[in-house]
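Student: Next comes the sequence, and after it the predicted model I'd like to discuss.
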Amino acid sequence: MAVEIIDLKKKFEQQTVLEGFSAKFGDNSITCIMGASGAGKTTLLNILLGLMDPDSGTVSGISGKRLSAVFQEDRLCEGLDAIGNIKLVVDKKITRKDIEEEFSKVGLEDYRGKPVSELSGGMKRRIALVRALITDPDIVIMDEPLKGLDAKLKHKATEYIKEKVKNKITIIVTHDKAEAEAFGAEIIMLKKKSSRADESAC
Ligand SMILES: Nc1ncnc2c1ncn2[C@@H]1O[C@H](COP(=O)(O)OP(=O)(O)OP(=O)(O)O)[C@@H](O)[C@H]1O
């Protein structure tokens, strides 16, 4: 079942961020949300994830589905190592070897024995990516998942994501059109609203 958003509206005090926003995300689809900084991309993801309520409008097709997310920040447990971070979210039947196999698919090596706090930003990003995709969710929501990766790792991570999200509904925020094209994604462009809701009355 597709995820459908109808006529969403979200304001923060006097600032309208989303207004009259509707979209449909079909089964087995990748959609990239693009738009200027402050256009409301993260706000939209937070509403989809149920972390924020819209002022009005509806979101359907999410209830009862397994969601997973890569947030704008990695949100890892910094004191745990890479494997420990994944073990926190996976079923016990997933072994250390299974996790290591996933890490190798995103070029993640040299992480062993170190707490995440001692790893590079790009390594942390790939741990967050594996954590989101190893659980085989129905809906994947990612806020700039390739942030901080160099061109070679970006390519590797893109291929990994495409492989893992087959037959799922995937929604990705990115600033990079080339990235959206590499995902073969549909693009939704969010437009930044006026920062003053009462502007027309002035
Ligand atoms: N909890 C909040 N309270 C008040 N204002 C907020 C809140 N969350 C977001 N905003 C405002 O809403 C607007 C949209 O923010 P949002 O983070 O959704 O934009 P974005 O498109 O994801 O931007 P970026 O590309 O910079 O991450 C911004 O002006 C932001 O300051």
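Tutor: Yep, that arrived. Residues are numbered from 1 along each chain as shown.

Student: can we go C-alpha only for contacts and neighbour counts from here?
Tutor: Will do.

Student: shaky segments in the protein?
Tutor: 194-202 (pLDDT under 70).

Student: which parts of it sit against the ligand?
Tutor: Phe12, Val17, Ala36, Ser37, Gly38, Ala39, Gly40, Lys41, Thr42, Thr43 (CA under 6 Å from any ligand atom).

Student: mind listing what the third one touches?
Tutor: Each residue near Ala36 by CA atoms under 8 Å, 6 or more residues apart in numbering is listed here: His175, Leu190, Lys191, Lys192.

Student: and the residues of the chain next to the ligand, which are buried?
Tutor: Buried subset of the residues of the chain next to the ligand (neighbour count, 16 or more other CA atoms under 10 Å): Val17, Ala39, Gly40, Lys41, Thr42, Thr43.

Student: The nearest residue to Glu4 once chain neighbours are set aside: what secondary structure?
Tutor: Using CA to CA, 6 or more residues apart in numbering and skipping residues adjacent in sequence, the residue nearest Glu4 is Lys24, 4.4 Å away. Judged by DSSP: H, G, I helix; E, B strand; the rest coil, the three-state class of Lys24 is strand.

Student: Numbering from 315 from now on, please.
Tutor: With 315 as the first residue, the last one maps to Lys338.

Student: Now do the contacts for Lys338.
Tutor: Lys338 sits in contact with Ala316, Val317, Glu318, Ile319, where contact means CA under 8 Å, 6+ apart.

Student: how much space is there between Lys338 and Lys491?
Tutor: 20 Å (CA to CA, to the nearest Å).

Student: How about Ala383?
Tutor: From Ala383 over to Lys491 (counting by CA to CA), the distance is 21 Å.

Student: how about Val430, what does it touch?
Tutor: Leu390, Cys391, Glu392, Gly393, Leu394, Asp395, Ala396, Lys438.

Student: Of those, which belong to helices?
Tutor: Taking DSSP state H as the definition of helices, the contacts of Val430 contribute Ala396, Lys438.
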